[in-house]
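Asker: what's the 3D shape of this:
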Amino acid sequence: MVKTLKILIAEDEENIVNLIRLILGDKYELVVVNDGEEAIKLAENLKPDLIILDVMMPKINGFQVCETLKKDKRTNQIKIIFLSAKVMKNDVSKGLSCGAIDYIKKPFEPEEFERRIKSAIELR
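Answerer: Below is the predicted model:
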């Protein structure tokens with residue numbers, strides 16, 4: 001039996017979540033949360049293979065989620081990719097410096113998005 005890889009999606013825009021489900025839903029097990037607090041709790045419990053993390057979310061923003069997860073020895077090995085409309089150079093730099101392996105800008109091309117997710121998962 002092949003293990004299904006788990007991706008935690010922390011995203012509060014329903015249309016983005018639906019698009020991600022269309023692109024990745026038949027290839028990976030997807031778990032969706034819509035705020036930063038839930039993302040941290042689920043990351044600790046699920047130990048996903050990858051987290052796709054929005055920056056602007058309710059309760060705790062994505063940068064804070066990333067920093068929290070990277071400081072915790074239970075979750076610091078989980079790969080994180082930001083997916084955000086915050087596309088200024090300093091936002092991208094902040095995302096990568098807090099521990100993310102990639103930063104995908106919204107709006108995104110579905111084919112490129114899928115390729116970058118697949119590439120990140122294969123870095124295991």
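
Asker: pull out the buried positions in the helix or strand bottoming out on mean pLDDT in the chain.
Answerer: Using mean pLDDT, DSSP states H and E, helix 110-122 stands out as the lowest-scoring helix or strand of the chain, at a mean of 94. By 16 or more other Cβ atoms under 10 Å, the buried positions in helix 110-122 come out as Phe113, Arg116, Ile117, Ala120, Ile121. No exception for glycine: its C-beta is placed from N, CA and C like everyone else's.

Asker: and which of the residues you listed is nearest to Pro48?
Answerer: Ile121 (10.5 Å; Cβ to Cβ).

Asker: picking that back up, dump the buried residues of helix 110-122 into TSV; add distance to Asn61 as well.
Answerer: As requested, the buried residues of helix 110-122 are arranged in TSV below (distance: Cβ to Cβ, whole Å):
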residue	distance to Asn61
Phe113	21
Arg116	22
Ile117	22
Ala120	21
Ile121	25
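
Asker: so Glu13 makes contact with Val55?
Answerer: No: between Glu13 and Val55 there is no contact under Cβ atoms under 8 Å: 11.8 Å.
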